[in-house]
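S.K.: A structural model of the following input is requested.
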Amino acid sequence: MPKVLGLLLVAVAVAVTAGLALPAAALKVGSTTLAGASFDNELAAIKSSPMFECYLQAQVFGASQYQTQGPSVGGASPQSRSSLAAVLWADVRVTQLAITPFVEAHNPSALSPAALVTARLALEGAVVGALEGAFNPPPSANATGTFSCPAVVIGGSTPRLQSGAAILASLPVWFQDEQVRAEAADLGLVDLLPARIKIPESGRALRQWYARHSSQFETTCVSDIEVLSASAASSIKSRIGHGLSFGEAARRYSKDTSTNKKGGMIGCFSPNSAVWSQVLQVVGSTRTGNVNIVPIRGAYILYSPTKRTPNRFQQVATAVESQVHQVNLRNATVFGATIQQATPVSAASWLGAWALNGIGGQIIPNTAAEPPAGAVTNTSANAPIG
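M.R.: Sure, this is the predicted structure:
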């Protein structure tokens, strides 16, 4: 028996004799195991960074259609294991532990030093984007909840969010590196997309794609009519369909005092506009003169594209590249879900049970399980009363 192995076995025997528990696996994803001690360290790192917790809570808020803010980790690491926040973090880690080895095997350049630099910048942007979306949901989302997380807000006469770099820097270096590597793997999935769904992101191929899809990038003039009930909105839409001009309808019925006297005219927006994503949300590919009804916080808005003007590729190249990249990232997320579904996953009983679903899978919390050892640090709390 090799000397080192013999010493290790002796150490194990001493640990067991002394009644010490060896760290059990929290997750096993494919051939990768995340030890319980490592999982506890990750929870402790999150707990030590209120700013990063805000980011995780913002992600839950967005995923819930702006209704429910995510939970805090709370407590010391053994106490955190059975919390909802721990289960949600475990879901994140399962996805990362499934995708990163896949990308490493099929697209190793995605994890090169240069790619990691790009991934860090992308992660910083994603962190800020999730927070901005939580604090200021798009009007069309019709959010019913309110997001609050002071840790990421810099006060003053004009409050602003912490930068993504500052939020990541609040975490231990090893945790940052772990998350940057996972982000690089997500970006690397784009290169592995099947050709039938991947859109070229540069060069002649992108220009050819644009020539076939240029109608998606037309400068669009948008008008609106605001009313207070669904029935009023439907009635006005019907009247417009039977010949009443949108402008006249806006002057007669719209409660939007900033546009009604102008026949509902909001403005014209190119794909280079900062609000282009909102334009797509409210009118999308709706034909000129047609009407969309969007409920927004107790009101009903009728939106209509009143004019569309084609753009040459050179005029909107940056916007096209950005939008195409976002589409590829969304497709990569779907691709990642199929990878996750095909990867064997098991979770510790104190976390719950793994179940497949349409977005890959999730851990179903084991609410019937006993609290983990050490969950109640004050043993006298269990003493009978009286």
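
S.K.: okay, CA-based contacts and neighbour counts for the rest of this
M.R.: Noted.

S.K.: so, low pLDDT: which residues of the chain?
M.R.: Within the chain, the stretches with pLDDT under 70 are 1-23, 74-82, 140, 367-386.

S.K.: Ser346: helix or strand, and which one exactly?
M.R.: strand 345-347 (DSSP states H and E).

S.K.: ah, wrong one, I meant Asn357
M.R.: Assigned by DSSP H and E, Asn357 belongs to no helix or strand.

S.K.: and the residue nearest to it when sequence neighbours are not counted, what does it touch?
M.R.: Nearest residue to Asn357, sequence neighbours excluded (Cα to Cα, 6 or more residues apart in numbering): Gln341, at 8.0 Å. Residues counted as contacts of Gln341 (Cα atoms under 8 Å, 6 or more residues apart in numbering) are 356-357, 360-361.

S.K.: what segments of the stretch 151-300 of the chain are helices?
M.R.: Taking DSSP state H, counting those that start in this stretch, the helices of the stretch 151-300 of the chain run over residues 164-169, 173-189, 203-213, 230-241, 246-253, 276-282.

S.K.: so Thr32 bridges to which residues?
M.R.: Beta-bridge pairing of Thr32 under DSSP bridges involves Val29.

S.K.: isn't it right next to Thr95, touching?
M.R.: No - applying Cα atoms under 8 Å, one finds Thr32 not in contact with Thr95, separated by 11.9 Å.

S.K.: higher neighbour count, these two?
M.R.: The neighbour count for Thr32 versus Thr95, taken as other Cα atoms under 10 Å, is higher for Thr95 (22 against 13).

S.K.: so that one makes contact with Thr343?
M.R.: No - under the criterion of Cα under 8 Å, Thr95 lies out of contact with Thr343, with a separation of 9.7 Å.

S.K.: what sits in contact with each of these two?
M.R.: Common neighbours of Thr95 and Thr343, using Cα under 8 Å, 6+ apart, do not exist here.

S.K.: mind putting the helices of the stretch 151-300 of the chain in JSON lines, mean neighbour count and distance to Asn328 included?
M.R.: Putting the helices of the stretch 151-300 of the chain into JSON lines (neighbours: other Cα atoms under 10 Å; distance: least, Cα to Cα, whole Å) gives the following:
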{"stretch": "helix 164-169", "mean neighbour count": "18", "distance to Asn328": "23"}
{"stretch": "helix 173-189", "mean neighbour count": "20", "distance to Asn328": "9"}
{"stretch": "helix 203-213", "mean neighbour count": "13", "distance to Asn328": "13"}
{"stretch": "helix 230-241", "mean neighbour count": "16", "distance to Asn328": "35"}
{"stretch": "helix 246-253", "mean neighbour count": "19", "distance to Asn328": "36"}
{"stretch": "helix 276-282", "mean neighbour count": "16", "distance to Asn328": "16"}
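
S.K.: out of these, flag the one nearest Arg330.
M.R.: Within the helices of the stretch 151-300 of the chain, the stretch nearest Arg330 is helix 173-189; the backing value is 10.3 Å (Cα to Cα).

S.K.: quick one: residues in contact with that closest one.
M.R.: In this structure, residues lying in contact with helix 173-189 by Cα under 8 Å, 6+ apart are 42, 45, 96, 99-100, 103-104, 107, 110-111, 115-116, 118-120, 122-123, 168-169, 329, 332-333, 335-336.

S.K.: of those, select the buried ones using a PyMOL command.
M.R.: The buried subset of the contacts of helix 173-189, as determined by 16 or more other Cα atoms under 10 Å, is captured in PyMOL by this line:
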select buried, resi 42+45+96+99+100+103+107+110+111+115+116+118+119+120+122+123+168+329+332+333+335+336
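
S.K.: restricted to strands, list the contacts of helix 173-189.
M.R.: In this view, these have no member that belongs to strands under DSSP state E.

S.K.: now, the contacts of helix 173-189 that are in helices?
M.R.: Assigned to helices by DSSP state H, the following of these qualify: 42, 45, 96, 99-100, 103-104, 115-116, 118-120, 122-123, 168-169, 329, 332-333, 335-336.

S.K.: what's the separation between the residue nearest to Arg297 when sequence neighbours are not counted and Asp224?
M.R.: Setting aside the residues directly before and after it, Arg297 is nearest to Asn142 in space (Cα to Cα, 6+ apart), at 5.3 Å. Here the criterion is Cα to Cα, to the nearest Å. By it, Asn142 lies 16 Å from Asp224.

S.K.: these two: which has the busier surroundings?
M.R.: For Asn142 against Asp224, the residue with the higher neighbour count under other Cα under 10 Å is Asp224, and the figures read 28 against 17.

S.K.: was I right to think that one contacts Gly267?
M.R.: No - distance between Asp224 and Gly267: 10.0 Å, which falls outside the contact criterion (Cα under 8 Å).

S.K.: quick one: residues contacting the residue positioned nearest the centre of the chain.
M.R.: Centrality entry for the chain: nearest residue to the mean C-alpha point is Gln59, 5.1 Å, by Cα atoms, centre = their mean. Counting by Cα under 8 Å, 6+ apart, Gln59 makes contact with 70, 130-131, 134.
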